[in-house]
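**Student:** Here is my input; please provide its structure:
(chains A and B)
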Protein chains: 2
Amino acid sequence: MSSFPSSTLQPILCAGQWRAATDATRGFRAADPTTAESIGPEFPYSGAADVEAMLDAATQAASVLAACEPARIAAFLDAYAAALDAARDTLVASAHAETALPAAPRLAEVELPRTSDQLRQAARAVRDYSWTQPVIDTRSGLRAHFAPLHKPVLVFGPNNFPFAFNAAAGSDFASAIAARNPVIAAAHPAHPGTSRLLAELAHQAVLACGLPAATLQLFYALDPALGLRLAGDRRLGAIGFTGSRQAGMALKAAADQAGVPIHAEMSSVNPVFLLAGALRERGAGLAQEFFASCTLGSGQFCTSPGLVMVPADAAGDAFVSAAAARFDGAAAMLLLAAGVERHLTAAVAALRSAGARLIAGRAQAEAPGWRYAPSLLEVDAAQFLAQPAALQQEAFGPVALLVRYHDTEQAVAIGHACEGSLTGSLFSAADGSDDADCARVAAALRPRVGRLCNDKWPTGVAVSAAMQHGGPYPSTSHAGFSAVGMPGAIRRFAQWQCHDNVREDRLPSELRDANPAALQRLVDGRWTDRSL
Amino acid sequence: MSSFPSSTLQPILCAGQWRAATDATRGFRAADPTTAESIGPEFPYSGAADVEAMLDAATQAASVLAACEPARIAAFLDAYAAALDAARDTLVASAHAETALPAAPRLAEVELPRTSDQLRQAARAVRDYSWTQPVIDTRSGLRAHFAPLHKPVLVFGPNNFPFAFNAAAGSDFASAIAARNPVIAAAHPAHPGTSRLLAELAHQAVLACGLPAATLQLFYALDPALGLRLAGDRRLGAIGFTGSRQAGMALKAAADQAGVPIHAEMSSVNPVFLLAGALRERGAGLAQEFFASCTLGSGQFCTSPGLVMVPADAAGDAFVSAAAARFDGAAAMLLLAAGVERHLTAAVAALRSAGARLIAGRAQAEAPGWRYAPSLLEVDAAQFLAQPAALQQEAFGPVALLVRYHDTEQAVAIGHACEGSLTGSLFSAADGSDDADCARVAAALRPRVGRLCNDKWPTGVAVSAAMQHGGPYPSTSHAGFSAVGMPGAIRRFAQWQCHDNVREDRLPSELRDANPAALQRLVDGRWTDRSL
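**Tutor:** Have a look, this model is predicted:
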């Protein structure tokens, strides 16, 4: 650390070096969510000159990285994963201080291992070339695969995952690097110290593995106008964004205008349908599971169940009572940042002004730090159907809206009124008595959600090739891609390239006749691991 | 035909029926490009009420179609293909009259067979489920695949392929239908009669195969403001567009703002690099091939070679002389429409005002109809590099700009200055003497083009799984997709859906344990056709 330039502001990672910001516009500090007091050193809001320097350096690095041996990329991803695991205690302490997320199990036993595992899965996808999806057509002489963008990827990390979606360590980072693109990481300002620690480890691994020094660059914050200018810069190959709908929409507009593909994951209410038979069979258990899922991580998950359809019958009433008791019994929960509390308060007020009744939750008392008492709102299905947009605003935090429906017709109508979400869930009776209703509701819900769960709450996103952590607009900007799961997530940051009559010795290795590593390739319509 | 409502305007295909436009804003007729005189009956510019009726009907049809048995979709695609082949003479006569493209070989022996073959390839991708790319992860209980959008796809066809890219028969149509989405077809106003004939055959096959009657709807023209309103309608699942950059950009802006994914293919100059050794070996032959490729279809192809880099040496001079002689020797060629001639004239004037010299081409004499004498322009590499944007405007027609480069450094610099194109081509010596230069130029060019050809001109686009008929912005809106080639092209109009813990009997058939049809599926990281 002694090599960092001295400055009152923390250094940025720019053009291959940790160095002082040259034109910071202001400074900021992280905060302790338990007290709302500033903690740690001061970080810069970066200015236009440093952003320009990053774009220049990343553009240079992009060509080098695209030509890099995949084995070297994989080695970097594995080395970085190992470094994360080795630095666990330091990383967890920093993230816990900046986010108030529990050190254990959440940060140390769930999120950090998930993050290093994700890097290792990306490394495997690099080694087996699965993300490139090699296709050979021997009759036409055409050979195609996914290839690097040859341009940098700008990644905006969210506030709620200091590791697993961090712009310098998470799924977008791993995906962009696996496709051999440099990353310009926009750390989330809620955890700048953790982002810096991660970027230090990544940068050390970059240098140790012989990748271009500007493979990863990092800034901590930008004024909004500069952020939009950056998002609309044609030197970018793509953008990955995870965050609020408001910020995502603004960045998407800037990127769209410049023709920069943006993969934006922006808010989701994650509708859950509880069918009558399921509640009769196991209503009490479901109430407990619902409370646990909705308040996990203080409800600060993109997949938190925020909209729950409950029958307006006796079993439904019992479910609501049991759930309300759990919410009423819970103390206020820590939130990540001042903005989360502000937006949550506003969202609950908006839902109430749209007709939802607050049915559970302690009074939101003054308390040190940022907290919110878990709360339940309720509305009748007819009212929901009268203003479905107003009643589908995301309340990011430990809050859900219950919609009481009177028959399957109404449940189906609600399904049709659902906006695009990352997930949707259906709970039905184990004895099959709900099956006909379930099929009708599923038909309405299925096209509106990326991942459809059966008898399972939506929180918890496995890193799997069969995952869809994405969904129809406005939950994301394109329902054809997933932000999580290798190798699919990597293809968001790749271009499809065809080689037409290209001489054998000029082809990328995975498209040549010989297939010594037994890669899986689509040859004349059949997947095979043989040589031609 | 006697069942059509009588009207002075030709009927539209709306809500499952051929019927009179209810609020046409004006009428128009096709034109004979050889005389510029109007031919055939009058067609409507559709108004907002008919567009609304189409959106309503398509939205209804989308749910039915998404739930349809894939076998029925495949049967439709095959039936329509057979109907196209059977109606060949009628279709060719109509297209020839409206476009002046040669009846044979072009329309009858190349484009129509290609179009029916494309429909059959789409049918195969439906039957073998290859477009759905089934992925099963047994450990996590997740199963995923590409699925219908459950919303209509709006397709805009271009002027230059009355069959193969027709909004009611071409690649976008076949792709959208294969993914079980209804199509609202925006026929190109340059060939309304041909589009109507195609839509009649499609509609008959739709009814015969028991698909929803509104599976295909067709209008012939819209006023621009209404077109933009339609492109920005959130009831659309996606848009496919092939056409000019100006129209594509306007539609993309409207679609982007509404969150409607648009796959736009918009102009391409298709850079070609002739290396010194190739010209020494076979310069005369290359000059002849270049002329043939550049003037094929009067140069009205998205993949026409419009920018050719030629060494400033003796072999290069000889190539230029030989090519110029061919261009000088050719009579004016028929163009598709008045707008093509107008844009081409303007583009050549713009290239000349940016410093390009006209070195070949007969005087553009007054002649009946729309014609252009094949023309060559030339510019020095230094001048090209001084204003690369101005000198990369697409001149859609039998025109190319030759750039004379003095050394490999310059060729590489030109490669870096190339905008995104559908194709790029490299010609090098068979004896390997150019190989080092070729590698350097290829490294610069490769990321800027979708399909890289070796020793081959870019015109001619095979319908293959290994095709990339797409490329970096601004040639298309997203370099990760191809507009041609099954099954990839189908995935443009699909969403990625995950089934999490979904009960076996509720899963789509291709994601169940049993795999009786031996579909290829990615199971726990390996492609296999076995059952679980």
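**Student:** where exactly do the helices run in the stretch 201-350 of chain A?
**Tutor:** A:224-231, A:245-258, A:276-295, A:314-329, A:338-353 (DSSP state H, counting those that start in this stretch).
**Student:** can you tell me which of those comes nearest to A:Gln495?
**Tutor:** Closest to A:Gln495 of those is helix A:245-258 (C-beta to C-beta; 16.2 Å). Where C-beta positions appear, they are placed from N, C-alpha and C, glycine not excepted.
**Student:** helices and strands around that closest one, which ones?
**Tutor:** helix A:224-231, strand A:238-243, strand A:262-266, helix B:245-258 (3 or more C-beta pairs under 8 Å, 6 or more residues apart in numbering or on different chains; DSSP states H and E).
**Student:** Now do stretch A:484-492: distance from first to last residue.
**Tutor:** 10 Å (C-alpha to C-alpha, to the nearest Å).
**Student:** Quick one: mean pLDDT over it.
**Tutor:** Mean pLDDT, computed over stretch A:484-492, is 97.
**Student:** for A:Met333, what are its contacts?
**Tutor:** A:Thr295, A:Ser298, A:Gly299, A:Arg371, A:Tyr372, A:Ala373, A:Pro374, A:Gly397, A:Pro398 (C-beta atoms under 8 Å, 6 or more residues apart in numbering or on different chains).
**Student:** confidence score at the fifth one?
**Tutor:** It refers to A:Tyr372. pLDDT recorded at A:Tyr372 is 97.
**Student:** now the second one
**Tutor:** The predicted structure scores A:Ser298 at 96 on the pLDDT scale.
**Student:** Nearest residue to it in space, ignoring adjacent ones along the chain?
**Tutor:** A:Met333 (4.1 Å; C-beta to C-beta, 6 or more residues apart in numbering or on different chains).
**Student:** Those residues of the stretch 251-400 of chain A touching chain B, which are they?
**Tutor:** A:Lys252, A:Ala253, A:Asp256, A:Gln257, A:Gly259, A:Val260, A:Pro261 (C-beta under 8 Å from any C-beta of the partner chain).
**Student:** got those residues as CSV, with pLDDT columns?
**Tutor:** CSV is the format used below for these (pLDDT from 0 to 100):
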residue, pLDDT
A:Lys252, 98
A:Ala253, 98
A:Asp256, 98
A:Gln257, 97
A:Gly259, 97
A:Val260, 98
A:Pro261, 97
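**Student:** And these, which two are furthest apart?
**Tutor:** So for these, where distance means C-beta to C-beta, the most widely separated pair is A:Ala253 and A:Pro261, at 13.7 Å.
**Student:** nearest spatial neighbour of A:Gln60, skipping sequence neighbours?
**Tutor:** A:Ala214 (6.7 Å).
**Student:** returning to that earlier point: quick check: of the residues of the stretch 251-400 of chain A next to chain B, which lies closest to A:His96?
**Tutor:** A:Lys252 (32.4 Å).
**Student:** check contacts around the closest one.
**Tutor:** Neighbours of A:Lys252 in contact, by C-beta under 8 Å, 6+ apart: A:Phe241, A:Ile262, A:Ala264, A:Ser477, B:Asp256.
**Student:** Next one: A:Ala389 from chain B, what distance?
**Tutor:** Applying C-beta to the nearest C-beta, to the nearest Å, the value for A:Ala389 to chain B is 12 Å.
**Student:** Same check on A:Gly329?
**Tutor:** 29 Å.
**Student:** Tell me which of A:Ala253 and A:Pro261 has more neighbours.
**Tutor:** A:Pro261 (25 against 16; other C-beta atoms under 10 Å in any protein chain shown).
**Student:** my guess is the residue nearest to A:Gln60 meets A:Ala62, correct?
**Tutor:** No: assessed by C-beta atoms under 8 Å, A:Ala214 is found out of contact with A:Ala62, at 9.0 Å.
**Student:** Return every residue with contacts to both of the two.
**Tutor:** By C-beta under 8 Å, 6+ apart, the residues touching both A:Ala214 and A:Ala62 are A:Pro182.
**Student:** neighbour count winner among these two?
**Tutor:** The neighbour comparison of A:Ala214 against A:Ala62 (other C-beta under 10 Å) goes to A:Ala214, with 28 against 25.
**Student:** quick one: which of the contacts of A:Met333 has the most company?
**Tutor:** A:Gly397 (30 neighbours).
**Student:** Can you tell me the closest non-neighbouring residue to that one?
**Tutor:** A:Gly397's closest residue in space is A:Leu344 (C-beta to C-beta, 6+ apart), at 4.0 Å.
**Student:** Quick check, the one you found in contact with A:Ala395.
**Tutor:** Yes: here A:Leu344 reaches A:Ala395: they are 5.8 Å apart, a contact under C-beta under 8 Å.
**Student:** At the contact with chain B, which residues of the stretch 101-250 of chain A appear?
**Tutor:** Residues of the stretch 101-250 of chain A found near chain B (C-beta under 8 Å from any C-beta) are A:130, A:135-137, A:139-140, A:142-144, A:146-151, A:234.
**Student:** out of those residues, which are buried?
**Tutor:** A:130, A:135-137, A:140, A:142-144, A:146-151 (16 or more other C-beta atoms under 10 Å in any protein chain shown).
**Student:** which stretches of the stretch 351-500 of chain A form helices?
**Tutor:** So, for the stretch 351-500 of chain A - with DSSP H, counting those that start in this stretch - the helices run A:381-386, A:408-417, A:435-445.
**Student:** So which elements touch the first one?
**Tutor:** To tie it back to what came earlier, the one meant is helix A:381-386. strand A:399-405, helix A:408-417.
**Student:** residues near A:Ala518, how many?
**Tutor:** 11.
**Student:** Please apply the same query to the one 4 residues further on.
**Tutor:** Under the neighbour criterion other C-beta under 10 Å, A:Leu522 is assigned a count of 21.
**Student:** sec struct for it, please.
**Tutor:** strand (DSSP: H, G, I helix; E, B strand; the rest coil).
**Student:** try A:Asn160
**Tutor:** Per three-state DSSP, A:Asn160 ends up coil.
**Student:** ok, now how distant is it from chain B?
**Tutor:** 21 Å.
**Student:** show me the contacts for that residue.
**Tutor:** Counting by C-beta under 8 Å, 6+ apart, A:Asn160 has contacts A:Gly297, A:Gln300, A:Phe301, A:Cys302, A:Leu336.
**Student:** now that we have the residues you listed, which one has the most neighbours?
**Tutor:** A:Cys302 (28 neighbours).
**Student:** That one reaches A:Thr242, doesn't it?
**Tutor:** Yes: with contacts counted by C-beta under 8 Å, A:Cys302 reaches A:Thr242, the gap being 7.4 Å.
**Student:** Next, show the common contact partners of these two.
**Tutor:** With C-beta under 8 Å, 6+ apart as the test, A:Cys302 and A:Thr242 both reach A:Pro158, A:Glu265.
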